[in-house]
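Asker: with the input below, show me the fold.
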Amino acid sequence: MINKISLIIKKGAQRSAEAAGIIREHLEARGVSISHDQVDPESQVLVVVGGDGTLLHVAARAYHLGLPLLGINAGSLGFLTEIMLDEMLNALDALVEERFELERRMMIAVTVKSRHHDDFHYFALNDAVINKGAMGRMITLPAWAGDKFLCAYRGDGLIISTATGSTAYNLSAGGPIIHPGLEAMVITPICPFALSSRPLVLPGVSPVTIHIEHAPEEISLIVDGQVGRELYEGDRIIIEKAPGYLNLISSPERDYFAILREKLGWTEGVKIEHA
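Answerer: Coordinates of the predicted model:
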C-alpha cells in the first residue's frame, strides 16, 4: 500500500488549490501521509496538480529520486497531466492500493560545454530548445548525430525533443507526433530559412551535438521550458539519452490515443465504430 506521497500544486491557481484540498482530505482519510509543496525523498509517489508545466517543473527531481509521477490536470491542454479532475478520486484510490500502470518515459541529458565556464548539466522530459533573442537575426547552428555531420541549420533556432515532448513545442513548430513508447529524438528547425529544412527523427542512442560558431546577438538554451541560460560563441550543446527512465502513472480511464483524440479534437463530427 502507498502510505506516503509528495503533493505539488501549481502556484497561484485557484482550481489547483481547490483540487489539492480535496486530495489531501481524501488521502488523509485513508491514512496517507502527505508532504506539501515539496518533494520528500522518502515519499513513494509524487502527485502533481496543475498543468504540464507544473509537472515538468518537478520531472527531473522525480527522475533522480526514482519516484513514480502522477499528473492531475487542473489546467487546460495537458498531455502529461492525464488525470482529469472528475476522475482524480478514483485514480487516487487506485494509487493507494497500487492498482496502477507505469509508463517508462525516456529522459534526455543536456550538457553545455564552454571555454567561458565549467560544464552545465540538465535533464529534460520534453525538450531542449536553442533559439535567438526576440530581436535577433537568423542564426546558423551546425549539428551532428553521433560523430556524423548533419547540416548547418539556419533560422530562428532548433528544438530537440523526446517522443514525449513531440506533442509540445515540437508539434507547434510542425514536427511529428511520436508515440512515447519509442526511444527517439526529433530535431525540428524553428522558422528555417530553407524550405527543404525538415524535422528529423533519430534513434535515442544517437547523441545530438550543436555548435555555436557565431553569436553576434543573444542565443539562449531553454530546457523543458523551465531552465534557461545564455549561450556563447564556441559553446557546444550535447543532447543524449539519459540513463534509466522517468515512470509516469497512466490514466486508468483513457489510453494514449484517447488522450490524443481529446486534446487534438480528432473526433469532432466523426462517428466512431469499433475495428
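Asker: going by C-alpha atoms from here, please, whenever you check contacts or count neighbours.
Answerer: OK.
Asker: residue ranges in the stretch 51-200 of the chain under the pLDDT threshold?
Answerer: 76-77 (pLDDT under 70).
Asker: what about the helices in this structure?
Answerer: 14-29, 52-65, 88-96, 169-172, 256-264 (DSSP state H).
Asker: so how far is the first one off the chain centroid?
Answerer: How far helix 14-29 lies from its chain's middle: 25 Å, per Cα atoms, centre = their mean, to the nearest Å.
Asker: list the buried residues in it.
Answerer: 15, 16, 17, 19, 20, 23, 24, 27 (16 or more other Cα atoms under 10 Å).
Asker: circling back to that earlier point, would you format the helices of the chain as CSV with distance to residue 132 included?
Answerer: Listed next are the helices of the chain as CSV, based on distance: least, Cα to Cα, whole Å:
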stretch, distance to residue 132
helix 14-29, 34
helix 52-65, 22
helix 88-96, 40
helix 169-172, 15
helix 256-264, 29
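Asker: out of those, which comes closest to residue 234?
Answerer: Nearest to residue 234, of all the helices of the chain, is helix 169-172, at 25.9 Å by Cα to Cα.
Asker: let's see that closest one as PDB, backbone CA atoms only.
Answerer: This file holds the C-alpha atoms of helix 169-172, laid out as PDB (Å, rounded to 0.1, in the frame of the first residue of the first chain):
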ATOM      1  CA  TYR A 169       6.700  22.900 -28.800                       C
ATOM      2  CA  ASN A 170       7.800  20.400 -31.400                       C
ATOM      3  CA  LEU A 171       4.200  19.900 -32.600                       C
ATOM      4  CA  SER A 172       3.500  23.600 -32.800                       C
END
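Asker: show me what it is packed up against.
Answerer: Under the contact definition 3 or more Cα pairs under 8 Å, 6 or more residues apart in numbering; DSSP states H and E, helix 169-172 sits against strand 157-162.
Asker: can I get the strand it packs on in PDB, CA atoms only?
Answerer: C-alpha atoms of strand 157-162 as PDB (Å, rounded to 0.1, in the frame of the first residue of the first chain):
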ATOM      1  CA  GLY A 157      16.700  28.000 -33.700                       C
ATOM      2  CA  LEU A 158      16.300  24.300 -33.100                       C
ATOM      3  CA  ILE A 159      14.100  22.100 -30.900                       C
ATOM      4  CA  ILE A 160      15.500  18.700 -29.800                       C
ATOM      5  CA  SER A 161      12.700  16.800 -28.300                       C
ATOM      6  CA  THR A 162      11.900  13.300 -26.900                       C
END
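Asker: hmm, who's touching that strand?
Answerer: Residues outside strand 157-162 that contact it (Cα atoms under 8 Å, 6 or more residues apart in numbering): 106-108, 125-132, 139, 141, 169-170, 180, 183-192, 239.
Asker: to residue 39, which of the helices of the chain lies closest?
Answerer: helix 52-65 (7.8 Å).
Asker: could you list the buried residues of the closest one?
Answerer: Buried, per 16+ other Cα under 10 Å, within helix 52-65: 52-63, 65.
Asker: neighbouring contacts of it?
Answerer: 9-10, 39, 41, 46, 48-49, 68-69, 71, 73, 78-81, 123-126, 224-226, 245-247.
Asker: 6 Å - rerun?
Answerer: 10, 78, 80, 81, 123, 246 (Cα atoms under 6 Å, 6 or more residues apart in numbering).
Asker: residues contacting the second one?
Answerer: With Cα under 6 Å, 6+ apart as the criterion, the residues that contact residue 78 are 51, 52.
Asker: contacting residues for residue 71?
Answerer: Counted by Cα under 6 Å, 6+ apart, residue 71 has contacts 48, 81, 82.
Asker: same check on residue 239?
Answerer: 109, 110, 207, 208.
Asker: again, but for residue 220
Answerer: Counting by Cα under 6 Å, 6+ apart, residue 220 has contacts 130, 131, 229, 230, 231.
Asker: my guess is the first one contacts residue 223. True?
Answerer: Read that as residue 130. No - when contacts are counted by Cα atoms under 6 Å, residue 130 is not listed as touching residue 223 (9.0 Å).
Asker: list the contacts for the most centrally placed residue in the chain?
Answerer: Nearest residue to the geometric centre of the chain (Cα atoms, centre = their mean): residue 126, 2.8 Å. Residue 126 makes contact with 161, 162, 164, 165, 224 under the criterion Cα under 6 Å, 6+ apart.
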